Structure formats: C-alpha cells, structure tokens
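Enquirer: I would like to see how this sequence folds:
(chains A and B)
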Protein chains: 2
Amino acid sequence: MGKEGKGNFQLKTPKGTRDWQGTDVVLREQIFSKITEVFKRHGGVTIDTPVFELKEVLAGKYGEDSKLIYDLADQGGEICSLRYDLTVPFARFLAQNAIQQIKRYAFAKVYRRDQPAMTKGRMREFYQCDFDIAGTYDTMLPDAEILRVIKEVFEDLPGDWKGKYTIKINHRKILDGIFQICGVPEDKIRTISSAVDKLDKSPWEEVRREMTEDKGLDPAVADKIGEYVKYKGGREVVEQLQAIPEVQANASATKGLEEMATLCDYLDIYDVLPALSIDMSLARGLDYYTGVIYEVVTEGSAPSASAKDVAKKEKKQKKNADPDEDRSNDPTIGVGSVAAGGRYDGLVGMFSGKPIPCVGISFGVDRIFSITKNRLGTESAIRPNEVDAFVMAFGGGKDFTGMLRERMQVAKELWDAGIKAEYLWKQKPKLQNQFKAAENGKVPWAVILGEDELKAGKVKIKEMGLLEDHPDKNGVEVEKVNLVQELKSRLEGKKTELVDRSVDA
Amino acid sequence: MGKEGKGNFQLKTPKGTRDWQGTDVVLREQIFSKITEVFKRHGGVTIDTPVFELKEVLAGKYGEDSKLIYDLADQGGEICSLRYDLTVPFARFLAQNAIQQIKRYAFAKVYRRDQPAMTKGRMREFYQCDFDIAGTYDTMLPDAEILRVIKEVFEDLPGDWKGKYTIKINHRKILDGIFQICGVPEDKIRTISSAVDKLDKSPWEEVRREMTEDKGLDPAVADKIGEYVKYKGGREVVEQLQAIPEVQANASATKGLEEMATLCDYLDIYDVLPALSIDMSLARGLDYYTGVIYEVVTEGSAPSASAKDVAKKEKKQKKNADPDEDRSNDPTIGVGSVAAGGRYDGLVGMFSGKPIPCVGISFGVDRIFSITKNRLGTESAIRPNEVDAFVMAFGGGKDFTGMLRERMQVAKELWDAGIKAEYLWKQKPKLQNQFKAAENGKVPWAVILGEDELKAGKVKIKEMGLLEDHPDKNGVEVEKVNLVQELKSRLEGKKTELVDRSVDA
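Expert: Prediction:
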C-alpha cells in the first residue's frame, strides 16, 4: 500500500461538488420520496441511464452552453461526456429503443463545468428530478397531467408550500404569433424571445434597450411587444387576447390560444387553475420547446418569517450579481423558479428521424431543498437516523458485568421483529453514556435491562425526553416475553406523531 | 438547434454501461429497498459523495488496478477521476470531517475502465452497496454486527436466499501467523497470500506451482501451507488450530484465533453461526484489510432448477476464461461471491495521519440482481408500475361522448385520496383499448363509468384478471360517492397479496 495519498494535498471534494450528510440527506430523501410518490400516483416508471454518454449524443443539443459539458479523458476507445441534463439521455433512450409511449421519472445527478456559486446554489454536480410523458395522445391531455403533477408535488412537499407557489405558463405558438403580429423579422424571433425571457429579472427599459440597441429591432416593434407582454392573469387572459382582431388574424396565435383554452378547461377539472398565471412575458431559454412552457415560482409567496428571509436573500443575490452570472444552475429553470418545463415535440427526432411528442417538468430539487430547509427553520425535528429503540444495561457497584450478552440478545430479538435497534458496543458502559448515545440519535425509546429485573423476567421501557414530572419518567416495567409486542404497539401509536413532527414541524 | 446530433453515429450507451428499465429496474429497486431496510434497522445513515474525486484522493489506493481508473479530461482547473469504489471516498470523507464514529451505508455507481464482459456481469459502470462502521469500540462488536447485517440481508431478499448462502470467514492475523509458521519470508507474505486467494477457483496443484515456480517459494514451505489451508468448518476450526503447539507459539495467530473465538460467541447470540464457514483458504485480494475478512458465496446452494443453472453457468464461464480475465467486476468480491468485506483499520490514516478503525461489507448488487431474477424465473409477477386503478368509460352507439371530463373528474378524486390512477388520454376511446392499457400495466382494478349508471349516481369497480366464471367478473356496482372508500378497502385487502406475489413469486 503506497503512501502517495497521504497529506500532500488539501482534503476536499472537487470544486462545485459537495458531500451530502447528516440531517441534510435525511430531509433531501424525504423530499425525493414525496415527489416519487406523486410520480407513481400518475403511473410513472423510472429509467436509469449511465452517468456518461457518447460525446456525439450530447453534441448540438445545448447551443452555446455546450462549453459547460464535462468530458472524460481520452484513455483509448470511445469519447464520452458526463450528462448535462436528464432530457437528452431520455430522448436518446426513446430513439434507441423505438419506444412509442412512456411516463418516465428520474432522480439523478447532472454535471456542468460552470463557475460554481455555492451561495446561489449553483453547483457543478447537482440533482435533477424529471417527469416526462412521451407519446401521441389527444391534445393537451398529457400537458394537463404534468401540470396536475406539479400541483400535487408542491402541495405534498414538507415545508408548507401550499398556496405559496405560482405556475407561470405561456405557449410557444402564442408567443410566435405575437412576434409576427408585432413585426419581428423571422430570423430575429429566437433572439428577441430570449430578451423577453429576461423580464422576470430586468425592467422593461433594459429589455427594450437590449432589443433595439444590441439586437437592432425597430423601436416601434419593441414598443408593440411591450404592450403584449403586459398580459398576465387567469384564464381571462386567453379571452382578452382572442378578442384582439390582429390576434384573430394570426394562425399561430389562434392555434396556441385554442390549445390554452382547452388546457384551462382540463385544469379546472383538475383544480389547478387557482395556482396558474398565464403570462405573456414568460419565454423560456431553451430552443427545443414547441408548445406550452411553464415555470414555477415561489418568490413573493405568502408572508412567513422564513419565506420572507428566503425571498430577501434571493433578491439581494440578484442585485449584486453580474448579469451574465445571474442565472440558475439550470437553464431550464429561471431565476427564482423551482421547477420548469414544457412541450418538446422535436428532440427525439434529432436522434432517430422519427419525432415522438414529449412534454415534461424538471424540479430543481437542490433549490427546493434549500427553501424547505430554510422554512422548516431549526433542524431539531429531523432525526439523524431511524432507530426505534436503544437497548441499555443498568447496574451499580463493582460487580456490574455490563450485561453485554443480554443486551445483544435483546437487540437480536428486536431486529428479528423488524424493530430498528442499537446498543453501545462496550463491555461495561456507563448508564449516562448509554443515555447520551440515545439522545444524540434522538432515539424515541430506551429498553433498560437490570440484573434483578431480568431475573424476575422483566425489562423497562422508557420514552426518551419526558419531562421531570411525567409519571412514566423512569420507564414502565413490562414482561420480557412481551417486550417486542409492547414496543411495537408504542411505535405504532407514535408513528403519526413522528411523521407529523418531521414533515410539518 | 443544430443537426449535428442526427443519425451520424450508432445510437447506444457507452461500452460497458447500460440503461436500466422496465421490470429490471422495479426488481432492482425492490432489492435496494430490502437492503436499505436492514441497514436502517442497524442505525445506518447514508452519505452521498460526488461521483468524481480529486485524482490525488484515489492515488496509491488500488495498486496495479489504478490503471482502470477513469479520468476526467483536463479542461482547466482541478484534475479529477470517477470514483472506483465507495470505500476510498468514505475514508476521504471521514478524514476531511474528522468524524470519529459513524454507521454509514451507500448505494451508488462506481466506474472501472476494465474490459467489459456482459455475460459475466462485468460492467464499466455498476452499483455498489456498502455498509461500514467507523470508530473505536470494544473488540469484535461492530464486526459481529456487520455479519448479522449480512444474514438479515440474505434472509430478507426476494428470491429465496434463506439457507442458500454461506459466509466464508478468515482473519488476517491468523493467516499472517500461519505464513510465519510455515516459513514464508516476510517480503513474500502479500504475494503468497494472493496466490492462496485463488484456491476457490484453481486446484491446489496450480496454486502450489504459482507459489514455487512463479514466486520462488521453497516447495517444503508451500506443502506446509497446503496442510493449513485445508482447515475449514464451524467454530471447531478455531479449537483445532488452537490445539496445534506451533500455532500456540505464534503471537499473531494466537491473537487472531482469540478474536475469532470471541466473534463466534457473539455470532452464536446473533444466530449467524449456522451460515458461517471458517476457511483458512480465504485470503482476499486487497491489501488494506487488517482483521477479519469475509465473502458470501451462493454457489452449490440448495438444489433448485434455477440455482443449479446459475451455478452451472458460472462454472462454465470459469473454465473457458482466460485466467487474467477470470475475476469479478469488483476485486473486493471474489468469483461466485455476492458480498465481501472485512476490517481495515489503516485506510483513513492514509489521508489524515489519524487512523480510524473501520469494518464493512460491500454487496455485489448487480450480481445479486442477476441471481434473484434468475431464481424468480418468469417476470410475470413483477408489475411495471404501481397504478392501482384504471378509469374507463363504457358506452355504445354513435352518441357516445367518451366521457372524458367524467373520467378526469374521477381520476382527480382518486389522486386526491392518494390512489394511483390512470385513464386513456383520448376523447373517445374504445372500451377494448382501455382494457388493453390496464392489462398491459397489470393494473389490478378498473373503475368503469357508464352514462346511465352515472346518472343514477353509480360506478362499477371490476377486479382485473378474474376468470370467466367468477361471479364478479363483470364488476360490482357501488355508489359514486363511496368510490374512494370502496376502492381503498379493496386495495388494503389486496396489499398483502400483492407484496407476497412480488416478493416470493
């Protein structure tokens, strides 16, 4: 065994990466599991693709962001790159296996060789959590289901998101129609669209300047766009736009508005409309969207101390940031947004030549994690592990054996019954050290063995953390033969409370 | 959006990697979840480290296998490599955070630029699943707990492993003592040890030839080793060795045997002894083990058609293989073994200079998956998704509307109640297509809406897959207001059966 690895360098994770540990990883798993539950409720299945792909698979999919792709070293053989998102590997998978329809979800890490900004949560390795529906179905039905999934996720998440999130939505066809109506030249539509997309963080004057000065748009055209992007609100926005003669005359806008009206009908049944904001200033960065586009924001949500802090912090970060730097980790997720997606009917066809319509949503779970953690406030409610019972020995005097075998025997019985149990790996532990270990682990129950009690066939069960004046403070004696049953019934009784504590505290 | 990505190359995953999909991923998740349950039962917490580490972290840890490490391209900045296993990143994590004690588990992919051999399950990207205990405790207590964890994992796994696995165990100190007794020169101990390690796949004559001809060992010394490596069996092996005078005179062997005797006492309490085989021919490849070493094998297990097939297949592979190629994906896991590990007290000290004693086990989950899949036989019992109910509309004649809104409304009610539900995303679906979709998904219940029934406030619940002559074959009519409750009670009733089917089928 060489000594090359020893002490000659700073012990750390690579730049832009982190270890997940302690209660952070427990909370993150709670979030993952809540989201997975929603995905499964809608028939989702998971697909696990390799962490790296052939470089050619990623080529030509990310525009100028391609420079952020991590390559593997050329050690002979194929040239590969780490995945940049979960959407392109999913499209590759569909094309390769000629899959016609699927509802797939995935939780996985993606990689971007970006300048990390930990305070903004921008990392080089981070999680994405995607749900996508591929296949040809009647119009707007899978789209409505994705939006229903978004609603369920944010209503089920720990950290009280209910009523504190807004789903901003627009439609590429409406947007394209508006640009045509305003007189944007065909070849400028994409670049003007990306200028409009900045309206959530820049004032109109700045966006107008970019359009006219940087991008050479006729100021009269820019001003006309300025009128349209003001439209936002509930489903009445669809009718307002449909009432405008020049909109009625535009085929793309008409088609987009028809689809949006159908979608609103469906979302009414699904009870999603109250969270929806149709917003003509939402344009989304990525090129590949072809239908509805949406983004979930939580800024300016109902005032609670912690939510305000988050909002304040995010606002401050925006103010100080270099505009080029001021974007989220994920181009599919706008600043301040916690989820984003849309319909992309052309991506799979880039691989196979046979397009398969897709619509999906990507949750920014790292950002959702930070906001949730902030909202939950103190970490005290999150247990570091799930141990149910700590087995202890109590004895006085010099003759105390430590009762190691007895503790092992009891632990074994608990494990046999599926109860999560620990004991101190010491021959003769002090009682206070055993209690300390149980307290550190926030273990809810202690099983206490005493030599005299054991001879009489008894053990004590003690609920941890009871107040001084509680009648059961010193534990309750039970028959040893009934221990498993006694403990199980107590664990069942506490289950709801424990879940509530960890989820809603 | 460029067209560079289109059709100019074969659509595939990189060499040695695969997509996990369909029932494979469902079965794999069942296996992961069973193993996680055991880890949590013993107080395990998970740590999630980055997929790549600074290259220096991995340097000097893997001997000549270092050539199999995947490097990231040098794109400026730090030089990084994909992790090769989960043990070295765990040791880095402990040293970096000065953690004194932890029980950590991890499920994660590791990377080896090896020649892939899919038929043998040797991949370049594969899962490891590790449980490790770090910290200073009284002797053999964490070691015993790891072995108890192994027992629980194999008794809880789907695919009927109970009684079909053996935990082979040895102790580095006993082995070192035997080599000293036999007269192996100090500088040859490691290389002779690795020759002994081949005894599970090569006959003694071949191993003896390697020791004497290739490695220059005195033939008399080799023959003496040959006598010792024959010792295998239950805890009587400890006493047999302890009775040999030259063993009694050797400090290292004496110490190792004392520890093994203590361990056997503990494993007796833990009911692990029946699965244990103390085996002097077990040596293990990796250098860093310092105490007990163990390997779990399932070859030659109780005869069942599929188990025999697996054994036969593995035997055949061994025969035909190039000796250099004939090793498992994972050097920590021997040929035919499904889990392996041991005590390594020196690894963390390589990073921090402060040793932290560790003992652990790594489960070869990809191999466990293959054997389990083989044993379960047909995949028919594994459902591709978890949908509880498929909502359908039934109607005849030209006036049939398809009842889309009604189906959406019912699906929404089910989702609100946490019931997993789907319906066909079509305005006017044929009844047979709705049944087909439910059958393809192996959905257990159909909720059938009819226009007349709905007017009367009724819906039908039908259990899928009932035989022609079953009285409920055409479904049971219930009040629509009671639908959620009726369905929930049926799902509760079926729960056990579904679990049993998926686990033990």
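
Enquirer: from here on, contacts and neighbour counts on C-alpha atoms
Expert: Fine.

Enquirer: which residue sits closest to A:Leu273 in space, ignoring its chain neighbours?
Expert: What sits nearest to A:Leu273 in space, not counting adjacent residues and going by CA to CA, 6 or more residues apart in numbering or on different chains, is A:Leu267, at 5.6 Å.

Enquirer: tell me the phi and psi of that neighbour?
Expert: phi -70, psi -20 (degrees, to the nearest 10).

Enquirer: Quickly list the domain ranges of chain A.
Expert: Following automatic domain parsing, chain A resolves into domains at A:22-376, A:389-504.

Enquirer: any idea how far A:Leu157 is from the most centrally placed residue in chain A?
Expert: Centroid-nearest residue in chain A: A:Val365, 2.1 Å away (criterion: CA atoms, centre = their mean). Noted for A:Val365: a distance of 11 Å to A:Leu157, by CA to CA, to the nearest Å.

Enquirer: Ok, A:Thr290 next?
Expert: Separation of A:Thr290 from A:Leu157 (CA to CA): 30 Å.

Enquirer: do the same with A:Glu259
Expert: Taking CA to CA, one finds A:Glu259 at 30 Å from A:Leu157.

Enquirer: swap in A:Phe52?
Expert: Note on A:Phe52: its distance to A:Leu157, by CA to CA, is 31 Å.

Enquirer: which of the two has more neighbours?
Expert: More crowded of A:Phe52 and A:Leu157, by other CA atoms under 10 Å in any protein chain shown: A:Phe52, with 23 against 20.

Enquirer: looking at it, that one is touching B:Pro14, isn't it?
Expert: Yes - taking contacts as CA atoms under 8 Å, A:Phe52 lies within contact range of B:Pro14: 7.5 Å.

Enquirer: list residues touching both of these two?
Expert: Taking CA atoms under 8 Å, 6 or more residues apart in numbering or on different chains as the criterion, A:Phe52 and B:Pro14 both touch A:Cys80.

Enquirer: Compute the number of surrounding residues for A:Gln427.
Expert: A:Gln427 has 15 neighbours, counted by other CA under 10 Å.

Enquirer: any idea of the mean pLDDT for stretch A:468-476?
Expert: Averaged over stretch A:468-476, pLDDT sits at 89.

Enquirer: what's the distance between that stretch and the middle of its chain?
Expert: 42 Å (CA atoms, centre = their mean, to the nearest Å).

Enquirer: Thought A:Ile356 was touching A:Gly349, still the case?
Expert: Yes - counting by CA under 8 Å, A:Gly349 does reach A:Ile356; the two are 6.7 Å apart.

Enquirer: So for these two, which sits in the more crowded spot?
Expert: Neighbour count, other CA under 10 Å: between A:Gly349 and A:Ile356, A:Ile356 has more, with 22 against 18.

Enquirer: contacting residues around that one?
Expert: The contact partners of A:Ile356, taken as CA under 8 Å, 6+ apart, are A:Gln100, A:Ala134, A:Gly135, A:Thr136, A:Asp345, A:Gly346, A:Leu347, A:Val348, A:Gly349.

Enquirer: and these, which are buried?
Expert: Buried residues within the contacts of A:Ile356, counting neighbours by 16 or more other CA atoms under 10 Å in any protein chain shown: A:Ala134, A:Gly135, A:Asp345, A:Gly346, A:Leu347, A:Val348, A:Gly349.

Enquirer: Next up, the contacts around the last one.
Expert: A:Gly349 sits next to A:Ala95, A:Pro355, A:Ile356 when contact means CA under 8 Å, 6+ apart.

Enquirer: How confident was the prediction at it?
Expert: Per the predicted model, pLDDT is 92 at A:Gly349.

Enquirer: still on that earlier bit, just the ones of the contacts of A:Ile356 in helices?
Expert: Members of those lying in helices (criterion: DSSP state H): A:Gly349.

Enquirer: Can you tell me which of the contacts of A:Ile356 is nearest chain B?
Expert: Nearest to chain B among the contacts of A:Ile356: A:Gly349, at 8.1 Å, using CA to the nearest CA.

Enquirer: wait, is A:Lys436 part of a strand?
Expert: No - A:Lys436: not assigned to a strand; according to DSSP: H, G, I helix; E, B strand; the rest coil it is helix.

Enquirer: Tell me how far it lies from A:Leu424.
Expert: Distance from A:Lys436 to A:Leu424, by CA to CA: 10 Å.

Enquirer: what's the spacing between A:Lys188 and chain B?
Expert: Distance of A:Lys188 to chain B, computed by CA to the nearest CA, to the nearest Å: 14 Å.

Enquirer: Could you report the neighbour count for that residue?
Expert: Residues lying near A:Lys188 (other CA under 10 Å) number 14.

Enquirer: Using the three-state scheme, assign it.
Expert: Assignment for A:Lys188 (three-state DSSP): helix.

Enquirer: related to what we said a few turns ago, go ahead and confirm the residue nearest to the centre of chain A touches A:Lys109.
Expert: No - counting by CA under 8 Å, A:Val365 does not reach A:Lys109; the two are 10.6 Å apart.

Enquirer: Common neighbours of these two, please.
Expert: Shared between the contact lists of A:Val365 and A:Lys109 (criterion: CA under 8 Å, 6+ apart) are residues A:Tyr127, A:Gln128.

Enquirer: Need the CA coordinates for stretch A:463-480. CSV is fine.
Expert: C-alpha atoms of stretch A:463-480 as CSV (Å, rounded to 0.1, in the frame of the first residue of the first chain):
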residue,chain,number,x,y,z
GLU,A,463,-39.9,7.0,26.5
MET,A,464,-37.0,9.4,25.9
GLY,A,465,-37.3,13.1,26.5
LEU,A,466,-40.2,13.0,29.1
LEU,A,467,-40.3,15.9,31.5
GLU,A,468,-39.2,15.6,35.1
ASP,A,469,-42.7,15.5,36.4
HIS,A,470,-44.1,12.9,34.0
PRO,A,471,-45.4,9.8,35.8
ASP,A,472,-43.6,7.5,33.3
LYS,A,473,-40.3,9.4,33.5
ASN,A,474,-38.4,6.5,34.9
GLY,A,475,-39.9,4.0,32.5
VAL,A,476,-42.5,1.3,32.7
GLU,A,477,-41.8,-2.3,33.6
VAL,A,478,-43.1,-5.0,31.2
GLU,A,479,-42.7,-8.8,31.0
LYS,A,480,-39.6,-9.6,29.0
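
Enquirer: Run the chain-centre distance for it.
Expert: Distance, stretch centre to chain centre, for stretch A:463-480: 40 Å (CA atoms, centre = their mean).

Enquirer: Could you count how many residues lie near A:Val481?
Expert: Applying other CA under 10 Å, we find 11 residues neighbouring A:Val481.

Enquirer: same thing with the one 10 residues further on?
Expert: The local packing count at A:Leu491 equals 17, with neighbours defined by other CA under 10 Å.

Enquirer: try A:Asp176
Expert: Applying other CA under 10 Å, I find that A:Asp176 has 21 neighbouring residues.

Enquirer: Is any residue of the helix or strand hosting it near chain B?
Expert: A:Asp176 belongs to helix A:172-182 when assigned by DSSP states H and E. No - using CA under 8 Å from any CA of the partner chain, helix A:172-182 stays clear of chain B, coming no nearer than 15.5 Å.
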